[in-house]
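K.L.:
Below: sequence and its predicted model.
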Amino acid sequence: MNRRAAIAMSPVEVLDFLQSERVVTVATIGRDGWPHLMPLWFVVRDGECWGWTYGKSQKVRNLQRDPRCTLQVEAGDSYGELRGVMIKAEAEIVRDPDVVTSVGNDLSARYGDGSPVDERVAAKRVALRFRARSVASFDHRKLAG
């Protein structure tokens, strides 16, 4: 087995990692062709990453032009602890108020006190569903063995 394959995470390990980490960096393609990277809180729903953001945000405008994006979640403080997941995805911008509110409530449960999302706040937001096209992962902790 080559070194790259030896440090790849299994699908279960990828899911566990995504559920344990708190910030995903989302790379979209800006109007000028340059990558636009922004951190985003997220939840995993049915194996997919979801987030929400203001409907008028730059990332939403970028995704309206081109839904392709790359997500990165990484962790570790030293080389031997580094691990991460990169997901090439197509983003679906979801404007259905019930879905937006549901994602907001999931985020509130994960990052806040679990309070229901205020409808006035949800009305200004969209949900982002990231449909994975490919996944790459690494876990340098596997090098020790």
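P.N.:
Cool, got the structure. Residues are numbered from 1 along each chain as shown.
K.L.:
quick one: contacts for the nearest residue to A136 once chain neighbours are set aside?
P.N.:
Nearest non-adjacent residue to A136, counting by CB to CB, 6 or more residues apart in numbering: M86, 4.7 Å away. (C-beta placed from N, C-alpha, C; glycine too.) If you count contacts by CB atoms under 8 Å, 6 or more residues apart in numbering, M86 has them with T70, L71, Q72, V135, A136, S137.
K.L.:
which secondary structure elements does the helix or strand containing the second one contact?
P.N.:
Right, L71. Following DSSP states H and E, one finds L71 within strand 68-75. Secondary-structure packing of strand 68-75 (3 or more CB pairs under 8 Å, 6 or more residues apart in numbering; DSSP states H and E): helix 11-20, strand 23-29, strand 83-94.
K.L.:
What separation do you get for the residue nearest to A136 and C69?
P.N.:
According to CB to CB, to the nearest Å, M86 stands 11 Å off from C69.
K.L.:
Buried ones in the longest strand anywhere in the chain, by neighbour count?
P.N.:
Counting residues, the longest strand found in the chain (DSSP state E) is strand 125-139. Residues of strand 125-139 classed as buried: R125, V126, A127, L128, R129, F130, V135, S137, F138, D139 (neighbour count, 16 or more other CB atoms under 10 Å).
K.L.:
Any regions of this structure where pLDDT drops low?
P.N.:
For the chain, the stretches with pLDDT under 70 are 1, 145.
K.L.:
if you set the cut-off to 80 instead, what comes out?
P.N.:
Residue ranges of the chain with pLDDT under 80: 1, 144-145.
K.L.:
Count the neighbours of the closest residue to P116 other than its chain neighbours for me.
P.N.:
In space, and not counting its chain neighbours, P116 is closest to N105: 6.0 Å by CB to CB, 6+ apart. Counted with other CB atoms under 10 Å, residues neighbouring N105 total 17.
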